Each structure stands twice: as C-alpha cells, then as structure tokens.
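Need coordinates for the below:
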Amino acid sequence: MLLQQTLERLRELRLSGMAAALDEQQGLPDMHSLAFEDRLALLVEREASFREDRRLTRLLRLARFRLSACVEDLIFD
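Numbers count the residues shown, from 1 in each chain. Reported below is the predicted structural model:
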C-alpha cells in the first residue's frame, strides 16, 4: 500500500519519470540487492532523462521543420 501511495505522490509532484522508474524497479528482482543510494541515483537519473527527452520533443515540435528527417535517412552514395 505504501508503494502505491508513493507512486501517486510522485505523479502529483510531476515526477513522472521517477514514478515510472520506481514502478519498473519493483519488477526487477536484482534491484533489491542495491543500496538505497544507488537505487535513488537510478531514479533521479531516470527523471532527468525523462525531462530532457520531453524538452527536446517540445522544442522539435515548436521548431516546425518542413521535413521530418533523421540521421538514418541520409544516403551517402
């Protein structure tokens, strides 16, 4: 029950990346062998990555590029 309340509280605080990582960690059996500080570091890193991805997505959407291309689409012939 405490875990569910913690997940809800993280979402209320708009820490969606951290909530997703915590939920994911519960399914991995080897995560319980890590120290608290290591697990916390993983959660914080996941939140930072989530925010950076969301920021880049927002900036790309606002840029309104005429063509949607990616590096894989380049032809080097």
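
And the helix or strand containing Ala41, what's buried?
Ala41 is part of helix 36-63, with elements assigned from DSSP states H and E. Neighbour-count burial for helix 36-63, counted by 16 or more other Cβ atoms under 10 Å, picks out Arg39, Leu42, Leu43, Arg46, Glu47, Phe50. Every C-beta, even on glycine, is put in place using the N, C-alpha and C of the backbone.

so which of those comes closest to Leu67?
Closest approach to Leu67 among these (Cβ to Cβ): Phe50, at 27.4 Å.

Touching, the closest one and Ser16? I think so.
Yes - between Phe50 and Ser16 there is a contact under Cβ atoms under 8 Å: 6.5 Å.

before we move on, the earlier item: can you add pLDDT and distance to Asp30 and give the buried residues of helix 36-63 back as JSON lines?
Below are the buried residues of helix 36-63 laid out as JSON lines (pLDDT from 0 to 100; distance: Cβ to Cβ, whole Å):
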{"residue": "Arg39", "pLDDT": "90", "distance to Asp30": "11"}
{"residue": "Leu42", "pLDDT": "92", "distance to Asp30": "12"}
{"residue": "Leu43", "pLDDT": "93", "distance to Asp30": "16"}
{"residue": "Arg46", "pLDDT": "94", "distance to Asp30": "17"}
{"residue": "Glu47", "pLDDT": "94", "distance to Asp30": "21"}
{"residue": "Phe50", "pLDDT": "94", "distance to Asp30": "22"}
